[in-house]
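Trainee: Here's my sequence, what's the structure:
(one chain, ligands or ions: 1)
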Amino acid sequence: MKILVTGGAGFIGSAVVRLAVSRGHEVVNLDALTYAANPANVAPVADSPLYRFEHADIRDRAALDRIFAEHAPDAVMHLAAESHVDRSIDGPAAFMETNVTGTFHLLEAARSYWLAKGRPDTFRFHHVSTDEVFGSLGETGLFTEETAYDPRSPYSASKAASDHLVRAWGETYGLPVVLSNCSNNYGPYHFPEKLIPVVILNALHGQPIPVYGAGRNVRDWLYVEDHADALLTVLQDGALGRSYNIGGNNERANIDLVRDLCAILDRLRPDAAPHGDLITFVADRPGHDLRYAIDASRIRDELGWQPSVTLQEGLERTVRWYLENEDWWRPLLSRDGVGTRLGIGS
Ligand SMILES: NC(=O)c1ccc[n+]([C@@H]2O[C@H](COP(=O)([O-])OP(=O)(O)OC[C@H]3O[C@@H](n4cnc5c(N)ncnc54)[C@H](O)[C@@H]3O)[C@@H](O)[C@H]2O)c1
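Mentor: Model (predicted):
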């Protein structure tokens, strides 16, 4: 299959690109190379004859039309997005422009390409979204695919809007769409502004490890390579117009996750004092959702997919990867905003 992956130079998109190429798919990676992108993320496949890169912006309709015509993909996997909640609090405009308007342009370009091809029902537009569109849970309960949308940050509102657009293009125009909503990802190549790499790198540098609020916010963590596998499953086997929740069955409060990481570092890279001594509680994120947790029974029962990596194993692999790949993360530390506190609001 030839897959047009948007955002394939980012964290999850690059995992999809690497996995798809390793399984023999042709991949066209369309990416604007924003601050969050890194061509090194796809270095393992860059020389493959199955891989092509297109430096383009999903807001640029003319570029999208050219790329569809030139590459004639069988499917689109749409991951390009502004993805950092804290940045969405400081500067929501980019999130509306890329996540909402960009998705609109991509849908329109895909629709006109699909129409010109004679409306093949084998074509797929797979929209990759987040569990954050469902809002915040209390101490109990799980997000199902039927949970009402209740986004509470500019990021999640922009992703919710894009989900609505994709469903509307499926219903109104018959575009063969499929959607997935996933919990928090972690693993190799995670940009060093997100919680897990921040913890690892601050601990390595002996710097304070910031934990928002009291650290009681709970997330359901999924190893990124498991997510990439789930996404290819949804693309190939998902029912038309259907959405699938993807989760890791790994709920953890932030403070417990941070302590787990510190314990792994104490073992792999011991310092004079335990790394946990660096934990520092800082002002909470405004509107910080308390708890996300996924009911992933639909993808398990209908498509036979389950996560394969436990949280303990995935965290250990991730810490080892950062210890062994300083060449990857060191240049990213000087990128705009990295290492500074973002998203405190005003
Ligand atoms: N990270 C998570 O835990 C998580 C969980 C669930 C869903 N998601 C979703 O998965 C997708 C990928 O997330 P990620 O964490 O890999 O994000 P990321 O920020 O690491 O990567 C995003 C990529 O999109 C590209 N991009 C941004 N704006 C673009 C534009 N206008 N045109 C073309 N390319 C553009 C960037 O250059 C970057 O390579 C996003 O849609 C996100 O909402 C993420």
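
Trainee: is stretch 28-38 anywhere near the ligand?
Mentor: Yes: contact of stretch 28-38 with the ligand is found when judged by CB under 6 Å from any ligand atom, involving 31-34, 36-37. C-betas here are computed from N, CA, C, even on glycine.

Trainee: now swap in stretch 4-24 and tell me
Mentor: Yes: residues of stretch 4-24 contacting the ligand under CB under 6 Å from any ligand atom: 6-7, 9-13.

Trainee: what's the closest of the residues you listed to the ligand?
Mentor: Nearest to the ligand among these: residue 10, at 2.0 Å, using CB to the nearest ligand atom.

Trainee: need the contact list for that closest one.
Mentor: Residue 10 makes contact with 31, 36-38, 41, 79-80, 83, 191, according to CB atoms under 8 Å, 6 or more residues apart in numbering.

Trainee: All the helices of the chain, in order from the start?
Mentor: 11-22, 61-71, 85-90, 93-95, 103-116, 154-173, 195-204, 224-237, 254-268, 297-303, 311-324, 326-329 (DSSP state H).

Trainee: most tightly surrounded among those?
Mentor: helix 11-22 (a mean of 25; mean count of other CB atoms under 10 Å).

Trainee: how much space is there between the nearest residue to residue 136 once chain neighbours are set aside and the ligand?
Mentor: Here the nearest residue to residue 136 in space, its sequence neighbours aside, is residue 289; by CB to CB, 6 or more residues apart in numbering that works out to 3.6 Å. Using CB to the nearest ligand atom, to the nearest Å, one gets 13 Å for the distance from residue 289 to the ligand.

Trainee: okay but residue 289 is in contact with residue 134, surely?
Mentor: No: between residue 289 and residue 134 there is no contact under CB atoms under 8 Å: 9.3 Å.

Trainee: Which of those two has more residues huddled nearby?
Mentor: residue 134 (25 against 21; other CB atoms under 10 Å).

Trainee: what sits against that one?
Mentor: Residue 134 neighbours (CB under 8 Å, 6+ apart): 143, 147-151, 181, 292.

Trainee: Ok, residue 29 next?
Mentor: By CB under 8 Å, 6+ apart, the neighbours of residue 29 are 5, 8-9, 13, 17, 42, 51-54.

Trainee: What subset of those is buried?
Mentor: Among the contacts of residue 29, those classed as buried by 16 or more other CB atoms under 10 Å are 5, 8-9, 13, 17, 42, 51-54.

Trainee: Could you measure from residue 213 over to the ligand?
Mentor: In terms of CB to the nearest ligand atom, residue 213 sits 19 Å off from the ligand.

Trainee: and that residue, how many neighbours?
Mentor: Residue 213, neighbours per other CB under 10 Å, totals 15.

Trainee: what does residue 330 give?
Mentor: 11.

Trainee: again, but for residue 123
Mentor: 17.

Trainee: Around the ligand, pick out the residues from the protein.
Mentor: 6-7, 9-13, 31-34, 36-37, 57-59, 79-83, 98, 102, 128-130, 159, 182, 184-185, 191.

Trainee: Give the full set of residues in contact with the nearest residue to residue 4 once chain neighbours are set aside.
Mentor: By the measure of CB to CB, 6+ apart, the closest residue to residue 4 outside its immediate chain neighbours is residue 73, 4.0 Å from it. For residue 73, the contact set (CB under 8 Å, 6+ apart) comprises 2-4, 28.

Trainee: Could you do residue 110 as well?
Mentor: Neighbours of residue 110 in contact, by CB under 8 Å, 6+ apart: 68, 76, 125, 175.

Trainee: Before we move on, what's the pLDDT of residue 345?
Mentor: Listed pLDDT for residue 345 reads 67.

Trainee: same check, this time on residue 285
Mentor: We note a pLDDT of 85 for residue 285 in this prediction.

Trainee: need the contact list for it.
Mentor: Residue 285 neighbours (CB under 8 Å, 6+ apart): 85-86, 89, 212-213, 343-344.

Trainee: for those residues, which one is nearest the ligand?
Mentor: Closest to the ligand, out of all of those and judged by CB to the nearest ligand atom, is residue 85, at 10.0 Å.

Trainee: OK, contacts around the closest one?
Mentor: So residue 85 contacts 132, 153, 155-156, 285, 343 (CB under 8 Å, 6+ apart).

Trainee: can you tell me how far it sits from residue 41?
Mentor: 21 Å (CB to CB, to the nearest Å).

Trainee: same question, residue 216
Mentor: 32 Å.

Trainee: ditto for residue 75
Mentor: Where residue 41 is concerned, residue 75 sits at a distance of 21 Å (CB to CB).

Trainee: try residue 231
Mentor: 16 Å.

Trainee: Repeat that for residue 194.
Mentor: Counting by CB to CB - residue 194 and residue 41 are separated by 14 Å.

Trainee: which of those two has more neighbours?
Mentor: Applying other CB under 10 Å to residue 194 and residue 41 shows that residue 41 carries more neighbours, namely 24 against 18.

Trainee: My read is that that one contacts residue 9, right?
Mentor: Yes: between residue 41 and residue 9 a contact is recorded at 5.8 Å, counting by CB under 8 Å.
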